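In: Build me a model from this:
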Amino acid sequence: MVLLSFDIEEFDMPFEYGKTISFEEQIAISIDGTVAILDLLQKHNAKATFFSTVIFAINAPEIIKRIIVEGHEMASHSYYHSDFKIEHLRESREKLEEITNTKVIGYRMPRMYPVDEKEIFKAGYLYNSSINPTYLPGRYNHFDKPRTYFKQEGVWQIPASVSPMIRFPLFWLSFHNLPLWLYQFLVKLTIKKDNYLNIYFHPWEFTNLNQPEKFNFPKYVSKNSGIQMIERFDKMLFWMNKKNYKFGTFKDFLATI
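Out: Numbers count the residues shown, from 1 in each chain. Okay, the predicted model is just below:
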């Protein structure tokens with residue numbers, strides 16, 4: 001099973017690179033990217049999981065409605081993208097359930113920061129996908145964590161997929177920077193080894209990030225964004241369908257383990 005997931009949020013990443021962007025533009029950029037994502041998923045008949053902040057959900061009601069109507073899963077990406085308190089775990093779940101009229105059982109911490117699993121359990125979640133079990137300088141070092149799903153403190157941990165042996169991360173940055181054939185080769189190896197794949201992206205990747213004066217992103221972030229990202233993702237979904245890989249939500253996946 002291929003678990004596609006998207007962290008839909010207020011686009012505050014430019015602040016990390018010394019640029020300012022209005023709240024209205026943060027939301028508008030994420031809405032535009034999510035529309036592109038939903039169009040691609042619909043084209044290829046692929047289901048996915050959307051980890052949403054409450055702030056984005058409140059400010060993009062039509063997008064949230066489309067996500068639910070088209071059969072995707074809604075999970076929590078906390079209340080805000082750049083502000084966290086323990087109480088946000090439960091509050092975000094309850095608010096997203098109110099907005100979507102669906103049961104929210106999954107959580108992903110913004111920026112994959114560490115989060116107390118006991119608190120995740122107490123807040124009512126069944127799974128957490130906040131671990132990238134690899135090493136990325138300045139971000140995380142999780143070589144001590146299992147590569148594949150495991151249970152901790154009553155919560156299923158579903159780490160982002162990494163390749164067998166060397167644990168090369170298959171997350172959004174590698175999709176942008178590797179030749180597509182090489183990324184697909186690593187995906188094929190990982191699915192063969194693990195029998196599933198968990199990869200995550202963001203809506204703003206599907207918009208033009210190659211604007212140094214506006215965002216100041218390094219080339220490895222802005223490479224293959226916008227139209228190029230849409231085209232690459234389109235090709236990947238076509239390839240996955242051709243390989244007969246099954247797309248599913250995290251809820252679907254939990255039902256199999």
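
In: use CA for all of it now, contacts and neighbours both
Out: Noted.

In: Contact partners for Phe215?
Out: 14, 17, 19, 209 (Cα atoms under 8 Å, 6 or more residues apart in numbering).

In: Save the residues you listed as a markdown table, and put in neighbour count and pLDDT too.
Out: Formatted as a markdown table, the contacts of Phe215 follow (neighbours: other Cα atoms under 10 Å; pLDDT from 0 to 100):
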| residue | neighbour count | pLDDT |
| --- | --- | --- |
| Pro14 | 16 | 96 |
| Tyr17 | 12 | 95 |
| Lys19 | 15 | 96 |
| Leu209 | 21 | 98 |
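
In: And those, which is closest to Tyr140?
Out: Tyr17 (18.7 Å; Cα to Cα).

In: What separation is there between that closest one and Ala60?
Out: 25 Å (Cα to Cα, to the nearest Å).

In: Which residue, other than its chain neighbours, is closest to His88?
Out: Ranked by Cα to Cα, 6 or more residues apart in numbering and with sequence neighbours excluded, the top spatial neighbour of His88 is Tyr79, at 5.7 Å.

In: Quick one: distance of whichever strand or helix holds Lys151 to the chain centre.
Out: Remark: Lys151 resides in strand 150-152, with elements defined by DSSP states H and E. From the chain centre to the centre of strand 150-152 is a distance of 20 Å (Cα atoms, centre = their mean, to the nearest Å).

In: Mind listing residues that contact it?
Out: Here strand 150-152 has contacts from 117, 156-158, using Cα under 8 Å, 6+ apart.

In: what lines up beside whichever helix or strand comes after that strand in the sheet?
Out: Downstream of strand 150-152, the next assigned helix or strand under DSSP H and E is strand 155-157. Applying DSSP bridges to the sheet, strand 155-157 is found paired with strand 127-128 (parallel), strand 150-152 (antiparallel).

In: Turn these into a markdown table, including distance to Asn241.
Out: Compiled in a markdown table, the strands paired with strand 155-157 are given as follows (distance: least, Cα to Cα, whole Å):
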| stretch | distance to Asn241 |
| --- | --- |
| strand 127-128 | 27 |
| strand 150-152 | 28 |
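
In: Ok, which of the ones you listed comes nearest Arg66?
Out: Of all those, it is strand 127-128 that lies closest to Arg66, at 23.6 Å by Cα to Cα.

In: Give me the residues contacting the closest one.
Out: 105-108, 120, 155-158.

In: Next up, phi/psi of Phe11, please.
Out: phi -80, psi 80 (degrees, to the nearest 10).

In: Roughly how far does it sit from Pro159?
Out: Distance, Phe11 to Pro159, using Cα to Cα: 23 Å.

In: again with Leu4
Out: 13 Å.

In: The closest residue to Pro133 other than its chain neighbours: neighbour count?
Out: With Cα to Cα, 6+ apart as the criterion, Pro133 has its nearest non-adjacent residue at 4.6 Å, and that residue is His142. When neighbours are defined as other Cα atoms under 10 Å, His142 has 13 of them.

In: farthest residue from the center of the protein?
Out: Distance to the chain centre peaks in the chain at Glu213, reaching 26.7 Å (criterion: Cα atoms, centre = their mean).

In: what residues are up against it?
Out: Contacts of Glu213 by Cα under 8 Å, 6+ apart: none found.

In: And the pLDDT for the closest residue to Gly71 other than its chain neighbours?
Out: Spatial nearest neighbour of Gly71, excluding adjacent residues (Cα to Cα, 6+ apart): Lys47 at 6.9 Å. According to the prediction, Lys47 has pLDDT 98.

In: Please tell me how far Lys47 sits from Glu70.
Out: 8 Å.
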